[in-house]
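K.L.:
Generate a structure from the sequence data that follows.
(one chain, ligands or ions: 2)
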Amino acid sequence: MLVLGIESSCDETGVALVQGEGPGVPRLLAHALHSQVEMHQAYGGVVPELASRDHIRRVLPLAEAVLAEARRSLREVDVVAYTRGPGLAGALLVGAGVACALGAALRKPVLGVHHLEGHLLSPFLSQDPPEFPFIALLVSGGHTQLMQVDGVGRYALLGETIDDAAGEAFDKSAKLLGLGYPGGPALSRLAQQGDARAFKLPRPLLHSGDLDFSFAGLKTAVLTQVHKLGDALDARKADLAASTEAAIVEVLVRKSLMALDRNALGRIVVAGGVGANRRLREQLDAACAQRGVRVHYPELALCTDNGAMIALAATMRLQAGVQQPTTSYAFDVKPR
Ligand code: KG4
Ligand code: ZN
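P.N.:
Ligands and ions are numbered 1, 2, ... in the order given. Below you'll find the predicted structure:
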């Protein structure tokens, strides 16, 4: 079974070809990605209309590149998968429209996938794939969730953010520090030169006793520090970046450990853009090693949005029999 996957929910166009054989873990044959980061940089964030137009320009050339690299023809594709949501409505419509048009033209079924399920399953494409069941920490620009994952399509939400997502906390703090967009990686780079104990920042909901998160207050605390520092900000920027990163990471790690303890599980998967964060990886790895817990990450290139995770999620859903592809090409998207 050959599945072509298209991701276009935000500011990356991703296309990939995945092969599913029997019950085994699917194999990634090729994937290609075009990031719009440079285009949106001038505006300090993603401009939805520009995003949609760029997806239109990129998606077919990327599909051609992927097929060429895998030495396959479009006619060999069995299912065309796309991100159904969540994401920007116009951006999602591009991927869904192209997938359904290809499906209709090739007389092959299509399948819409939840973007977060793509992130969640992406570690299955790594050298060291996880086994079910596991705890999943999903940390992206739009979501922060802890889940118990018992199998494909068997997800129980344990806790989530009640306001900003972890990636949003990185991005908004970075903006306050004048680091531009996308803020997460920039803040993380600067933090490496700073002292994480220099500023006392809040750890929201750390002792709430549940597995929910809150990051809006942290952003306000960073803003207060920025105002206090005034002209001295430049000299202390790395320290403030390091302290902000440490605050976000500490809450993520502590709540992840709580989830593992409560559900008596010895495996955790970290997925989503913030999963690329070095401090998060170091601290989670150290804490889990102490407890004999295995930590699984996607390959670094598959941490942020990509087509491979969409093709993979579709293939695994088909293999597990939890979703049937459809030949009704009346596609719809679910932005929220
Ligand atoms: O999963 P993703 O690519 O897109 C969404 O589905 O949201 O995640 C993007 C988020 C952004 O907020 C970005 O700043 C953050 O992931 N991010 C990072 C790092 N790399 C990406 N945050 C902290 N440290 C990083 N190294
Ligand atoms: Zn994402």
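
K.L.:
Which residue is the nearest non-sequential neighbour of whichever residue of the stretch 1-150 of the chain sits closest to ligand 2?
P.N.:
At 4.4 Å from ligand 2, Ser140 is the closest residue in the stretch 1-150 of the chain, using Cβ to the ion. Backbone N, C-alpha and C define where each C-beta goes, glycine included. Nearest residue to Ser140 in three dimensions, chain neighbours excluded: Gly272, at 3.5 Å (Cβ to Cβ, 6 or more residues apart in numbering).

K.L.:
okay, now the closest residue to ligand 1 within the stretch 201-336 of the chain: neighbour count?
P.N.:
Using Cβ to the nearest ligand atom, the single residue of the stretch 201-336 of the chain nearest to ligand 1 is Gly273, 2.1 Å away. Gly273 has 23 neighbouring residues, counting by other Cβ atoms under 10 Å.

K.L.:
secondary structure element for the spatially closest residue to it that is not a sequence neighbour?
P.N.:
By the measure of Cβ to Cβ, 6+ apart, the closest residue to Gly273 outside its immediate chain neighbours is Thr304, 4.6 Å from it. Thr304 is part of no helix or strand when elements are defined by DSSP states H and E.

K.L.:
my read: Thr304 touches Ala276, true?
P.N.:
Yes: between Thr304 and Ala276 there is a contact at 6.7 Å, judged by Cβ atoms under 8 Å.

K.L.:
Compare those two (neighbour count), which wins?
P.N.:
Comparing Thr304 with Ala276 by neighbour count (other Cβ under 10 Å), the higher total belongs to Thr304, at 27 against 20.

K.L.:
The residue of the stretch 201-336 of the chain closest to ligand 1: what's it in contact with?
P.N.:
Val139, Ser140, Gly141, Gly167, Gly184, Cys303, Thr304, Asp305 (Cβ atoms under 8 Å, 6 or more residues apart in numbering).

K.L.:
check contacts around the last one.
P.N.:
So that's Asp305. Listed by Cβ under 8 Å, 6+ apart, the contact set of Asp305 reads Glu7, Ser9, Cys10, Asp11, Glu12, Gly14, His115, Gly273.

K.L.:
What parts of this structure come near ligand 2?
P.N.:
Ser140, Asp305 (Cβ under 5 Å from the ion).

K.L.:
need the strands for the chain, in chain order.
P.N.:
Assigned by DSSP state E, the strands in the chain fall at 2-7, 12-19, 27-35, 79-85, 110-114, 134-139, 144-151, 154-160, 267-271, 294-296.

K.L.:
measure the residue of the stretch 1-150 of the chain closest to ligand 2 to Asp78 for me?
P.N.:
29 Å (Cβ to Cβ, to the nearest Å).

K.L.:
So for those two, which sits in the more crowded spot?
P.N.:
Taking other Cβ under 10 Å, Ser140 and Asp78 do not tie; Ser140 has more neighbours (24 against 16).

K.L.:
This structure against ligand 1: which residues are in contact?
P.N.:
10, 119, 140-142, 167, 170-171, 182-185, 188, 272-274, 276-277, 304-305 (Cβ under 6 Å from any ligand atom).

K.L.:
re earlier: tell me who's in contact with the residue nearest to Gly273.
P.N.:
Thr304 neighbours (Cβ under 8 Å, 6+ apart): Glu12, Gly273, Ala276.

K.L.:
quick one: contacts for Gly183?
P.N.:
Phe170, Asp171, Lys172, Ser173, Ala174, Lys175.

K.L.:
switch the cut-off to 6 Å
P.N.:
Shown in contact with Gly183 (Cβ atoms under 6 Å, 6 or more residues apart in numbering): Phe170, Asp171, Ala174, Lys175.

K.L.:
are any of these buried, and which?
P.N.:
By neighbour count, with 16 or more other Cβ atoms under 10 Å, those hold Phe170, Asp171, Ala174, Lys175 as buried.

K.L.:
ok so, going back, out of the contacts of Asp305, which one sits closest to Leu218?
P.N.:
Of all those, Leu218 sits closest to Gly273, with 17.6 Å by Cβ to Cβ.
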